[in-house]
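Participant: below: sequence and its predicted model.
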Number of protein chains: 2
Amino acid sequence: MDDSTVSAYMSQSYLPVSIADSVACVKKSLIEHLDGEQIPTFLFVVDQDNYLNGILSVKSLLAADEGLHVSDIMRHNYFSVAPEQSRHDVYDLINHSGLDMIPVVQFGKLMGVLRPQDIAELIEDENTLDAQLQGATTPLEEPYLSTSPVTLWRKRVVWLLMLFVAEAYTGTVLKAFEEQLEAAISLAFFIPLLIGTGGNSGTQITSTLVRAMALGEVSLRNVGAVLKKEVSTSFLVAITIGAAALIRAWILGVGAEVTIVVSLTIIAITMWSAIVSSIIPMVLKKLKVDPAVVSAPFIATFIDGTGLIIYFEIAKLVMTEFA
Amino acid sequence: MDDSTVSAYMSQSYLPVSIADSVACVKKSLIEHLDGEQIPTFLFVVDQDNYLNGILSVKSLLAADEGLHVSDIMRHNYFSVAPEQSRHDVYDLINHSGLDMIPVVQFGKLMGVLRPQDIAELIEDENTLDAQLQGATTPLEEPYLSTSPVTLWRKRVVWLLMLFVAEAYTGTVLKAFEEQLEAAISLAFFIPLLIGTGGNSGTQITSTLVRAMALGEVSLRNVGAVLKKEVSTSFLVAITIGAAALIRAWILGVGAEVTIVVSLTIIAITMWSAIVSSIIPMVLKKLKVDPAVVSAPFIATFIDGTGLIIYFEIAKLVMTEFA
């Protein structure tokens, strides 16, 4: 997609200077060609065929003696990107790099430049894509109000069907425990609460870890430290939510056994959710899959079904009628 | 919290100039005081008590005749913020404004300045807060690996308990339909799938609308247009997912009646979810509650319980054993 390469973001608004120009002449030309208030940090030194020879710091230019020439103060070392590079790849390189003026070079020729506003737009588009994909939809190309229902349907239905198929196995799990459900129908009352809590506690961990990975604080080699921290934290969380579940089941009046089963299950699901949600984002990152995008809904779906297995296995252990 | 006001982001790295200075002298002083490659767009004109008299465009400075004085080229109209303003308020004012150098003024005195990097940091912190709150957790103050389990527990448990309490009413709903569940236990098999799909389709709509509202494309006065578009889209989505549900229920072998109930329910829940997810974010925005933060998990929770009511009411209508 053209839209997601550097070429869609680069601008032709840069001041090309020649290696033989004098400092005085470049200064004059810079002031004449400024539009807006922003002053570029770098100018680009090109030859007559537009090959990039180097870059010229505007700060050095302003400080330089008027008698000098571009060749005396230009730099030969600089960071550049190529027009066909994907937005996603460039995002990782330039986000947090502090670079605000990046030449776009192909086969040695200057094709354009990423100005601060171009870089900001690129970073924002990539962040928007991530946010929309986490909401299990695809960003719109047009303003919302001019997008047709058929287009919206196309953007949404594929994700929804994928999640539907992923979630469908919970039906198989529940059917497998039909006998237990029939014997103690009140077990069904807690299904939404148990899987909802498992999903929410997993989402908390995933969103914290995705952030920590984006900041470079955590990677797969810290998996031991992360697991230890998350399992300890989840133990505290599990005890708290387990107590809340005890109160809730008691109020609903489902009997001592189901109350115990529900409380034990929420403890077990919270711990299980912590292990799954700690490991999967780091493994995805290692596999070069963006963990921000796929983690939350799919991890929640995975915890839904496995959580139900935990629920009914605990019920089989605790409840005398299943003994 | 000090952390979330302008004063936590402002810098003292600005060049104060005096109204009586000459252009030549300011130019010289600017070049001497630059650190890094970035050239500020504006300098600040203050008197001896640090009262802000105006701002000076560096572009005008560079273009100005050396014989002129600051008073000849300074501007009296500028946008400023106060140190005690909240990050959230300022975010709305400066994001997308294109301003890259903003004076921070209190009782007329210049207290500091927001440089481009300060503005970027402020915007990123606010976006991070939003992203973390959507993951139902609170951002960490320290790096992840040095945050203790007790701190993580504190950041997470309040949200988790709030969502637990919100979700707990699903138990009451299911208990109210205990009779129907006992008569047709296979209805229970589809509970996670139905509420999961309702939540997912709602999240898709919410994330699209939150984005459209952030871009200013949509507000509460467009509620009619939004509802019309979302109900049309959801009709297409509902038919598609309804067909998938028909296939799924058929494979699970739950009989014709339950198959029909499940398919009709997923159509009804998808439509219901569209109405709820279209209206709530716009109402929240109108009430000055940030819709990005509260929408997704709470709307999903609301759809869970109301979706279950829809499910069992449809079952009561369709199934001959409940007639």
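Facilitator: Okay, I see it.
Participant: what are the ranges of the helices in chain A?
Facilitator: A:23-33, A:58-63, A:70-73, A:87-94, A:116-134, A:149-176, A:178-183, A:191-214, A:223-252, A:256-286, A:291-318 (DSSP state H).
Participant: among these, show the one with the smallest mean pLDDT.
Facilitator: Among the helices of chain A, helix A:116-134 carries the lowest mean pLDDT, a mean of 78.
Participant: now do the buried residues in that one.
Facilitator: Neighbour-count burial for helix A:116-134 flags A:116-120, A:122-123, A:125-127, A:129-134 (criterion: 16 or more other Cβ atoms under 10 Å in any protein chain shown). C-beta here means a position set from N, CA and C on the backbone, and glycine is covered the same way.
Participant: which one of those residues is nearest to residue B:284?
Facilitator: residue A:131 (17.4 Å; Cβ to Cβ).
Participant: residue A:95 and residue A:122 touch, don't they?
Facilitator: No. Taking Cβ atoms under 8 Å as the definition, residue A:95 is not a contact partner of residue A:122, at 9.0 Å.
Participant: quick check: phi and psi on the residue lying farthest from the centre of chain A?
Facilitator: Each residue of chain A has a distance to the centre, and by Cα atoms, centre = their mean the biggest one is for residue A:67: 50.8 Å. Main-chain dihedrals, residue A:67, degrees, to the nearest 10: phi -80, psi -10.
Participant: check residue A:64 too.
Facilitator: phi -80, psi 150.
Participant: burial of it, as a residue count?
Facilitator: Counted by other Cβ atoms under 10 Å in any protein chain shown, the residues lying close to residue A:64 total 21.
Participant: re earlier: among the helices of chain A, which is nearest chain B?
Facilitator: helix A:191-214 (2.7 Å; Cβ to the nearest Cβ).
Participant: tell me the helices and strands packed up against the closest one.
Facilitator: For helix A:191-214, the packing partners by 3 or more Cβ pairs under 8 Å, 6 or more residues apart in numbering or on different chains; DSSP states H and E come out as helix A:223-252, helix A:256-286, helix A:291-318, helix B:116-134, helix B:149-176, helix B:191-214, helix B:291-318.
Participant: quick one: that helix to helix A:291-318, angle?
Facilitator: Between helix A:191-214 and helix A:291-318, the angle comes out at 140 degrees (axes from the mean of the first three to the mean of the last three Cα atoms, to 10 degrees).
Participant: report the distance from helix A:191-214 to the chain centre.
Facilitator: Computed by Cα atoms, centre = their mean, to the nearest Å, the separation of helix A:191-214 from the middle of its chain amounts to 14 Å.
Participant: what of stretch A:75-95?
Facilitator: 19 Å.
Participant: hmm, who's touching it?
Facilitator: With Cβ atoms under 8 Å, 6 or more residues apart in numbering or on different chains as the contact definition, stretch A:75-95 has outside contacts at A:4-10, A:42, A:52-57, A:97, A:99, A:102-106, A:111-112, A:114, A:119, A:122-123, A:125-126, A:290.
Participant: anything in stretch A:53-67 near chain B?
Facilitator: Yes. Applying Cβ under 8 Å from any Cβ of the partner chain, one finds stretch A:53-67 in contact with chain B at A:57-59, A:62-63.
Participant: of those, buried ones?
Facilitator: Buried, going by 16+ other Cβ under 10 Å: A:57-59, A:62, out of the residues of stretch A:53-67 next to chain B.
Participant: hmm, which two among those residues are most spread apart?
Facilitator: A:57 and A:62 (9.1 Å).
Participant: overlap in contacts, those two.
Facilitator: With Cβ under 8 Å, 6+ apart, residue A:57 and residue A:62 have no common neighbours.
Participant: which one of the helices and strands packed on helix A:191-214 is the most hemmed in?
Facilitator: helix B:191-214 (a mean of 26; mean count of other Cβ atoms under 10 Å in any protein chain shown).
Participant: what would that one look like as CSV? C-alpha coordinates only.
Facilitator: Taking Å, rounded to 0.1, in the frame of the first residue of the first chain, the C-alpha atoms of helix B:191-214 are listed here in CSV:
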residue,chain,number,x,y,z
ILE,B,191,-23.6,-17.2,26.6
PRO,B,192,-19.9,-16.4,26.1
LEU,B,193,-20.2,-16.3,22.3
LEU,B,194,-23.3,-14.0,22.4
ILE,B,195,-22.0,-11.5,24.9
GLY,B,196,-18.5,-11.6,23.4
THR,B,197,-19.8,-10.7,20.0
GLY,B,198,-22.0,-7.9,21.4
GLY,B,199,-19.0,-6.5,23.2
ASN,B,200,-16.7,-6.7,20.2
SER,B,201,-19.2,-5.1,17.8
GLY,B,202,-19.8,-2.3,20.3
THR,B,203,-16.0,-1.7,20.8
GLN,B,204,-15.6,-1.4,17.0
ILE,B,205,-18.2,1.4,16.9
THR,B,206,-17.0,3.1,20.0
SER,B,207,-13.4,3.2,18.8
THR,B,208,-14.4,4.6,15.4
LEU,B,209,-16.6,7.3,17.0
VAL,B,210,-14.1,8.3,19.6
ARG,B,211,-11.6,8.9,16.8
ALA,B,212,-14.1,10.8,14.7
MET,B,213,-15.0,13.0,17.7
ALA,B,214,-11.3,13.6,18.5
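Participant: tell me the angle that helix makes with helix A:116-134.
Facilitator: 160 degrees.
Participant: tell me which residues touch residue A:213, please.
Facilitator: A:219, A:281-282, A:285, A:291.
Participant: and which of those residues is nearest residue A:241?
Facilitator: residue A:281 (22.0 Å).
Participant: from residue A:69, how far out is that closest one?
Facilitator: 53 Å (Cβ to Cβ, to the nearest Å).
Participant: same question for residue A:246.
Facilitator: 81 Å.
Participant: give the contact list for residue A:197.
Facilitator: Residue A:197 neighbours (Cβ under 8 Å, 6+ apart): A:241, A:266, A:269-270, B:160, B:163-164, B:167.
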